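1. I'd like to go over a predicted model; first the sequence, then the structure.
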Amino acid sequence: MASELTAFELKQCGLFFSRQLSFRDVQVGVENVPLDEDDEEKYTLISAFWIKVFHSITFAVKLLKLEGDDLKRLSSSYWAAHPRFFMSYCLSLKVKASVKLANEALSSGRSVIISVATTNNEDVFKSLCVSSALSIIQNFIVKYFPDMSFKSG
């Protein structure tokens with residue numbers, strides 16, 4: 001039901017259309033996209049950034065003496081955002097190769113359908129104009145980085 005509502009909403013905005021396709025002569029391919037040196041460097045920098053976020057949160061937790069439910073909420077929020085961020089980021093690294101493969105297929109007269117398989121569709125739809133990975137880290141820091149107002153009791 002939720003996916004139907006999402007499709008309906010996207011269609012109303014002019015962002016989505018759907019047709020029934022024949023599977024005759026369809027070829028399905030899965031491509032492995034190796035990281036280039038620049039991508040590896042960015043991944044290393046982003047990993048270092050997440051480590052700094054973790055250390056900053058640890059420092060703030062000690063400073064604010066968070067414990068109990070507050071600490072559990074913060075910890076579970078961090079460890080939920082972390083893998084969603086990296087999944088989105090790794091997915092974004094495949095865009096260049098996907099566009100190249102699609103253009104090659106189109107130039108040889110074939111049709112192209114690209115399927116993106118991920119579990120963070122909610123984040124993608126929330127941030128259609130902003131990088132999903134960027135929105136994940138921004139939302140986490142804004143919502144959950146502990147400050148004096150973080151304690152519930």
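-> All right, it came through fine. Residues are numbered from 1 along each chain as shown.
2. just checking, next helix/strand downstream of the helix or strand of the chain with the lowest mean pLDDT?
-> Here the helix or strand of the chain ranked lowest by mean pLDDT, DSSP states H and E is helix 121-126, holding a mean of 50. Tracing the chain C-terminally past helix 121-126 and defining elements by DSSP states H and E, one meets helix 132-144 next.
3. so how far is Phe54 from the residue lying closest to Tyr89 once chain neighbours are set aside?
-> Using C-beta to C-beta, 6 or more residues apart in numbering and skipping the chain neighbours, the partner closest in space to Tyr89 is Ala133 (4.2 Å). For the C-beta atoms, the positions are set from N, CA and C on the backbone; glycine is no exception. Distance of Ala133 to Phe54, given as C-beta to C-beta, to the nearest Å: 17 Å.
4. What is the helix or strand hosting Phe59 packed up against?
-> Here Phe59 sits within helix 37-64, counting by DSSP H and E. Counting contacts by 3 or more C-beta pairs under 8 Å, 6 or more residues apart in numbering; DSSP states H and E, helix 37-64 packs against helix 68-92.
5. Which SSE is immediately downstream of the helix it packs on?
-> helix 95-107.
6. just the angle between that next one and helix 37-64, please?
-> Angle, helix 95-107 to helix 37-64, by axes from the mean of the first three to the mean of the last three C-alpha atoms, to 10 degrees: 140 degrees.
7. Helix 95-107: which residues count as buried?
-> Across helix 95-107, burial judged by 16 or more other C-beta atoms under 10 Å covers Leu101.
8. now do stretch 59-77
-> Ala60, Val61, Leu64, Leu66, Asp70, Leu74, Ser77.
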